[in-house]
Every structure is written in C-alpha cells, then in structure tokens.
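Peer 1: Sequence first, then the predicted structure:
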Amino acid sequence: MAKKLTLGKNERLKSRKKIELLFSEGKKFSIVPFRVHYAFNKSTGLPLQFGAGVSNKNFKKAVDRNRIKRIVKEAWRLQKISIQEKLKEQNRQLHVFLIYTGKMLPEYKDICTAVHKILEKLTVIIEPSA
C-alpha cells in the first residue's frame, strides 16, 4: 500500500506558543530563498510539524503571499516522508518553520529544489553523531 502524502491539520505548526518557542530557543540556517528555523521538542506526538511564512514587506498583496505559501506547502508535502521516517525511528519531534525571503514570485521547480536542499540539511542535523 502506498504512503499517503498529506499535510494534515495536526502536521501544521499553528500554536502561537510553539512558534514563539521555536523562534526564541530554536536554531536557524539559510538556504536561498529561505530562512529555516527548527527546534527539537520534548513532547510526544507527531514527529514533524511544519509552518511557512512570507514577508508582508516584500509582497504587499495577500494573493501573492498565499500563493507562495501554497507552493512551499506542496513542495514540503511531497518530500517530507524521508525525514519523517527518520524522526519516527529515533522517537524525536521536530518543528520547522520556513520563511520565504526572496523578492520575486518564485517558480514551483525553484521552491522544490530549495525544499529538497533544506530537507537534506535537516536530515544531516538529526542523524545521531557517530
């Protein structure tokens, strides 16, 4: 049976407390055109929670901001399965928040390759040090 590639309500990072904790105590890195904030959480639950944001300063129209967020969520949804399985194996929970920092409306393929690079870097980070 094939795996379901979904991004359900439980997998989205929506809690204000969790997001504030992520930005205050989490770590970050940049991969153009994103700034990535991530933090490991102690609580048990889903192994991976995700959020996306776009600056109001760079994109004045809500239509543009929402389109970028939709593209980012779709790219994440299709590629997250590998990191999700590794987190399940290690019994860890990870919160990730992507902030789009580009100045122009992106193409889907550009976002897809950037998200792939982000997931590769996060996979290296969660690997237990040998």
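Peer 2: Cool, the structure landed.

Peer 1: hey, where'd the helices end up in the protein?
Peer 2: Ranges of helices in the chain, per DSSP state H, are 16-25, 62-79, 81-90, 108-126.

Peer 1: now for the last one, which elements pack on it?
Peer 2: Think helix 108-126. With contacts defined as 3 or more Cβ pairs under 8 Å, 6 or more residues apart in numbering; DSSP states H and E, helix 108-126 has these neighbours: strand 27-31, strand 34-41, helix 62-79, helix 81-90, strand 93-100. Bear in mind the C-beta positions are built from the backbone N, C-alpha and C, glycine included.

Peer 1: mind listing what's buried in it?
Peer 2: Buried residues in helix 108-126, counted by 16 or more other Cβ atoms under 10 Å: 111-112, 114-115, 118-119, 122, 126.

Peer 1: Give me the angle between it and strand 27-31.
Peer 2: Note on geometry: by axes from the mean of the first three to the mean of the last three Cα atoms, to 10 degrees, helix 108-126 and strand 27-31 are set 140 degrees apart in direction.
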